[in-house]
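Student: just coords:
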């Protein structure tokens, strides 16, 4: 292959040529994989190399965006390093006083640790440590521990920081969370500038839904909690959300509601970094406080993504309604919970064909349900794995491609740096802002600068299409 052909594949960000050659950029002093998301340099500033050693001998260093050395060393090696390190921290967060302690445990420098976590967890090591500390406290409180003892076990050194971080992630004080074990009502404190409208729009995308009912300032949704259909009612009141559930496990209901309201997203960090962006900054400022409402459980997002493949939003919500009507456990309110994967796994193709599914869509949904129900796809635990490992597990299931993976990650798993680059809504929204509808390579290039917050940037674009005829989901 001559250099002009290599440059052609480099311009196209052709992943098929990753590992076949490296591209050195003389003006920046770095070398990259073919698929690197960075802006493309002029041809006269580019040289090509066969190996990382060859590129380094020319005085270049590896790119921090596409990590070519990771690719050549073997991505799975880094996945394993991340997952082993994350597991150690998750199991005993109190043993890790700070980021330096995590770096020592991993055997790498802090800069490399930061790259490792952003690549595989979509968050910084500091954000990861804060998150797992709060999760550790929650588990202990559910078992009856005292808040002070739980905080000490998790590694919190100050009362003020503990209460602040706990409230930010859960919407409750530690004492309020502990009291969930004896009640069915709680009030969440919402983040500053919280936007209610987009949450109601998401859960109201099907006006005939049999699973949720959106009110003027709240919503009701049927959920499966410990295998039983339960009802969660959310009423927004100023800077708080009053929640009532009739399920037997208020802790589980709380976890579902926190996901539904997108409370764990770092909207403030995103806006600090990108509110002045020349292309989308005005949009971000106009939609200040926007968060991504997740589905109550990851499976619901994956099922929705499969049903929504290559069809209109209207057709997708109709399929979802048919599925829930046929299989969803009925609550005495009349609403039905989204069916669990094991219920879908028991179906045959003809059963879904009777619900107006195409044959291929029926095959894909049943295949995914069987993979989840059989344990091959641990969808409830994908957030604990490397994002790349999780993507590979999803991609091993028939019918699940790049768009479905990225959408399920964004809406169901909660990874922060996802980009469904082939999405029609993203293309429509960027086209309106840029004056020309972009193709997938142009979308990747435009959105690359919003890493590690591409999930939220994507959702801002979808939200900007509200009220227009679009395929935004």
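Tutor: Thanks, I have the structure now. Computed from a predicted structure; not experimentally measured.

Student: can you give me the helices for the stretch 201-350 of the chain?
Tutor: Ranges of helices in the stretch 201-350 of the chain, per DSSP state H, counting those that start in this stretch, are 250-260, 267-274, 281-286, 298-307, 313-327, 341-345, 349-353.

Student: Summarise which helices and strands the longest one is packed against.
Tutor: The reference is to helix 313-327. Judged by 3 or more C-beta pairs under 8 Å, 6 or more residues apart in numbering; DSSP states H and E, helix 313-327 is in contact with helix 298-307, helix 341-345. No exception for glycine: its C-beta is placed from N, CA and C like everyone else's.

Student: Now do the buried residues in that helix.
Tutor: The neighbour-count check on helix 313-327 (16 or more other C-beta atoms under 10 Å) flags 313, 316, 317, 318, 319, 320, 321, 322, 323, 324, 326, 327 as buried.

Student: mind giving me a markdown table with these and columns for distance to residue 215?
Tutor: Shown next, in a markdown table, are the buried residues of helix 313-327 (distance: C-beta to C-beta, whole Å):
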| residue | distance to residue 215 |
| --- | --- |
| 313 | 22 |
| 316 | 23 |
| 317 | 19 |
| 318 | 23 |
| 319 | 25 |
| 320 | 20 |
| 321 | 19 |
| 322 | 24 |
| 323 | 24 |
| 324 | 19 |
| 326 | 26 |
| 327 | 26 |
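
Student: among those residues, which one has the lowest pLDDT?
Tutor: Among the buried residues of helix 313-327, residue 313 carries the weakest pLDDT, at 91.

Student: before we move on, back to that, tell me which of the helices and strands packed on helix 313-327 sits most buried.
Tutor: Neighbour counts (mean count of other C-beta atoms under 10 Å) averaged over each of these peak at helix 298-307, with a mean of 25.

Student: I'd assumed residue 100 was in contact with residue 113.
Tutor: No - the pair residue 113 / residue 100 is not scored as a contact, 9.0 Å apart, by C-beta atoms under 8 Å.

Student: The two: who's more crowded?
Tutor: residue 113 (23 against 13; other C-beta atoms under 10 Å).

Student: contacting residues around that one?
Tutor: 99, 102, 103, 106, 125 (C-beta atoms under 8 Å, 6 or more residues apart in numbering).

Student: Tell me how far it lies from residue 268.
Tutor: Counting by C-beta to C-beta, to the nearest Å, the separation of residue 113 from residue 268 is 23 Å.

Student: Report how many residues lie close to residue 439.
Tutor: With other C-beta under 10 Å as criterion, residue 439 counts 11.

Student: ok, and the closest non-adjacent residue to it?
Tutor: Spatial nearest neighbour of residue 439, chain neighbours left out: residue 427 (7.7 Å); criterion: C-beta to C-beta, 6 or more residues apart in numbering.

Student: same question, residue 157
Tutor: Nearest one to residue 157, counting by C-beta to C-beta, 6+ apart, is residue 97 at 7.9 Å.

Student: tell me the SS of that neighbour?
Tutor: Secondary structure for residue 97, judged by DSSP: H, G, I helix; E, B strand; the rest coil, is coil.

Student: Show the pLDDT at it.
Tutor: With respect to pLDDT, residue 97 has a value of 94.

Student: Any stretches of the stretch 201-350 of the chain with poor pLDDT?
Tutor: Within the stretch 201-350 of the chain, no stretch has pLDDT under 70.

Student: one step back: switch the helices of the stretch 201-350 of the chain over to TSV; also include distance to residue 163.
Tutor: TSV is the format used below for the helices of the stretch 201-350 of the chain (distance: least, C-beta to C-beta, whole Å):
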stretch	distance to residue 163
helix 250-260	17
helix 267-274	18
helix 281-286	29
helix 298-307	29
helix 313-327	39
helix 341-345	37
helix 349-353	49
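
Student: nearest to residue 10, of those?
Tutor: Proximity to residue 10 (C-beta to C-beta) singles out helix 267-274 among the helices of the stretch 201-350 of the chain, at 26.8 Å.

Student: Distance from the closest one to the middle of the chain?
Tutor: In terms of C-alpha atoms, centre = their mean, to the nearest Å, the centre of helix 267-274 is found 17 Å from the chain centre.

Student: tell me the domain ranges of the chain?
Tutor: 3-69, 74-181, 298-464 (automatic domain parsing).

Student: Dump those to TSV, plus distance to residue 264.
Tutor: As requested, the domains of the chain are exported to TSV (distance: least, C-beta to C-beta, whole Å):
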stretch	distance to residue 264
domain 3-69	25
domain 74-181	6
domain 298-464	7
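
Student: re earlier: got the contacts of residue 113 as a markdown table, with distance to residue 344, neighbour count and secondary structure columns?
Tutor: Below are those laid out as a markdown table (distance: C-beta to C-beta, whole Å; neighbours: other C-beta atoms under 10 Å; DSSP: H, G, I helix; E, B strand; the rest coil):
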| residue | distance to residue 344 | neighbour count | secondary structure |
| --- | --- | --- | --- |
| 99 | 42 | 17 | helix |
| 102 | 39 | 25 | helix |
| 103 | 43 | 20 | helix |
| 106 | 39 | 21 | helix |
| 125 | 37 | 24 | helix |
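
Student: Identify the farthest-apart pair in these.
Tutor: Farthest apart among those by C-beta to C-beta are 99 and 106. That separation is 10.5 Å.

Student: From residue 423, how far off is residue 148?
Tutor: Counting by C-beta to C-beta, the gap from residue 148 to residue 423 is 47 Å.

Student: How many neighbouring residues does the residue nearest to residue 259 when sequence neighbours are not counted have?
Tutor: Excluding its sequence neighbours, the residue lying closest to residue 259 (C-beta to C-beta, 6+ apart) is residue 294, at 4.2 Å. Residues lying near residue 294 (other C-beta under 10 Å) number 24.

Student: Quick one: residues contacting residue 294.
Tutor: For residue 294, the contact set (C-beta under 8 Å, 6+ apart) comprises 259, 260, 262, 301, 411, 412, 414.

Student: now the last one: how far from residue 32?
Tutor: As judged by C-beta to C-beta, residue 414 and residue 32 stand 29 Å apart.

Student: What are the buried residues along the strand or helix carrying residue 140?
Tutor: Using DSSP states H and E, residue 140 maps to helix 125-142. By neighbour count on 16+ other C-beta under 10 Å, the buried set for helix 125-142 is 125, 127-138, 140-142.

Student: Closest to residue 288 out of these?
Tutor: Closest approach to residue 288 among the buried residues of helix 125-142 (C-beta to C-beta): residue 127, at 20.9 Å.

Student: Look up how far residue 168 lies from the residue nearest to that closest one when sequence neighbours are not counted.
Tutor: Among residues not flanking residue 127 along the chain, residue 266 sits closest, at 7.0 Å (C-beta to C-beta, 6+ apart). Relative to residue 168, residue 266 is positioned 10 Å away (C-beta to C-beta).

Student: Fine by me, thanks again.
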